[in-house]
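> whatever this is, show me its structure:
(one chain, ligands or ions: 1)
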Amino acid sequence: MAANWKMNKLVREAKDYMAKLLPRVDDTEGEVDVAVFAPFTCLHAVARMTDDKPVLAGAQNLYFEDSGAYTGEVSAPMISDLGAGAVIVGHSERREIFGETDETVARKAARALDAGLLPIVCVGETKEERDAGDMWDKVSGQVRAVMEEIDSPRGHQVVFAYEPIWAIGTGDTASPEDAQDAIGRIRGLLKELAGEEFAGAVRILYGGSIKPNNAAQIMAQEDVDGGLVGGASLDADSFFELVEAARGEVARG
Ligand code: PGA
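You can find the predicted model right below:
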């Protein structure tokens, strides 16, 4: 279960949140993997607090060069240097607001992987694309672009997140069936592109208006391995409810 704070929280707030969350997730270790994707400004504080805890600290973006004249950008080695172990790549807000393309997203994913960071690669369609019947064209193209760029990865080194853009921050979540349909197809495509072992090991999350009252149903879907959560992750209590929902599903098998 992954919290994406987006552009929220000052350092003090981030520390208070982690101080609330960490003691609770201690006994979910081995059952649910928990990650917190913090803004760069509080990532160091978050990463330090998670040092000896079963929580992965991550960044929300990176640049694909390691250093150089790229004003305002942050590289994979810089993220590792903060003690973080993961990074979100190609979130739809990055693609839509900041003009990231399938190509830049693929390069970022490859760079993250090479640098030993776990990339969470986001894919998903707009409402117009879904209504026009183009959902799979869009999503499969995004997945293919990334898989073409990364060299013989192992499944456990990459995470995909299917996040239909119309469901992000709208309260309009995908039905459990639609989430399963898209994620099942992504897994099928990954099997075709990278083999059965990869497709079996890769984790694919759903994201888009996950809340404590709908999480269990979505997590119960066969191919859904977890959630990437924005709004409902901003409060430590609510995020922990989602961790518990995922844990309940793990227990049910
Ligand atoms: P949301 O965001 O949970 O607020 O819809 C999800 C995301 O953008 O990752």
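> interface residues of the stretch 151-253 of the chain facing the ligand?
For the stretch 151-253 of the chain, the contact set with the ligand under CB under 6 Å from any ligand atom comprises 163, 168-169, 207-210, 228-232. C-beta here means a position set from N, CA and C on the backbone, and glycine is covered the same way.
> make a PyMOL selection of the buried ones in these.
Buried residues within those, by 16 or more other CB atoms under 10 Å, are selected in PyMOL with:
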select buried, resi 163+168+207+208+209+210+228+229+230+231+232
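> show the contacting residues for Pro212.
By CB atoms under 8 Å, 6 or more residues apart in numbering, the residues touching Pro212 are 232, 238, 241-242, 245.
> from those residues, which land in helices?
Counting by DSSP state H, the part of the contacts of Pro212 found in helices is 238, 241-242, 245.
> does Phe160 touch Val123 like I think?
Yes - the pair Phe160 and Val123 qualifies as a contact (CB atoms under 8 Å) at a distance of 6.4 Å.
> give me the phi and psi angles of whichever residue of the stretch 101-250 of the chain sits closest to the ligand.
As assessed by CB to the nearest ligand atom, the ligand sits closest to Gly230 within the stretch 101-250 of the chain, at 2.4 Å. Note on Gly230: its backbone torsions stand at phi -90, psi -90 [degrees, to the nearest 10].
> and for Glu29?
Main-chain dihedrals, Glu29, degrees, to the nearest 10: phi -60, psi 130.
> now it: closest residue in space that isn't a chain neighbour?
Spatial nearest neighbour of Glu29, chain neighbours left out: Pro54 (3.9 Å); criterion: CB to CB, 6 or more residues apart in numbering.
> ok, that neighbour to the ligand distance?
Separation of Pro54 from the ligand (CB to the nearest ligand atom, to the nearest Å): 22 Å.
> mind checking how far the nearest residue to the residue of the stretch 101-250 of the chain closest to the ligand once chain neighbours are set aside is from Gly231?
Nearest residue to Gly230, sequence neighbours excluded (CB to CB, 6+ apart): Asn4, at 5.0 Å. With distances taken as CB to CB, to the nearest Å, Asn4 is found 9 Å from Gly231.
> what are the ranges of the helices in the chain?
Remark: helices assigned in the chain by DSSP H are 11-25, 40-50, 76-81, 92-97, 102-114, 127-131, 135-149, 176-194, 196-201, 215-219, 236-252.
> as JSON lines, those helices with mean pLDDT would be great.
Below are the helices of the chain laid out as JSON lines (pLDDT from 0 to 100):
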{"stretch": "helix 11-25", "mean pLDDT": "97"}
{"stretch": "helix 40-50", "mean pLDDT": "98"}
{"stretch": "helix 76-81", "mean pLDDT": "98"}
{"stretch": "helix 92-97", "mean pLDDT": "97"}
{"stretch": "helix 102-114", "mean pLDDT": "97"}
{"stretch": "helix 127-131", "mean pLDDT": "96"}
{"stretch": "helix 135-149", "mean pLDDT": "97"}
{"stretch": "helix 176-194", "mean pLDDT": "97"}
{"stretch": "helix 196-201", "mean pLDDT": "95"}
{"stretch": "helix 215-219", "mean pLDDT": "96"}
{"stretch": "helix 236-252", "mean pLDDT": "93"}
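> right, I'll leave it there.
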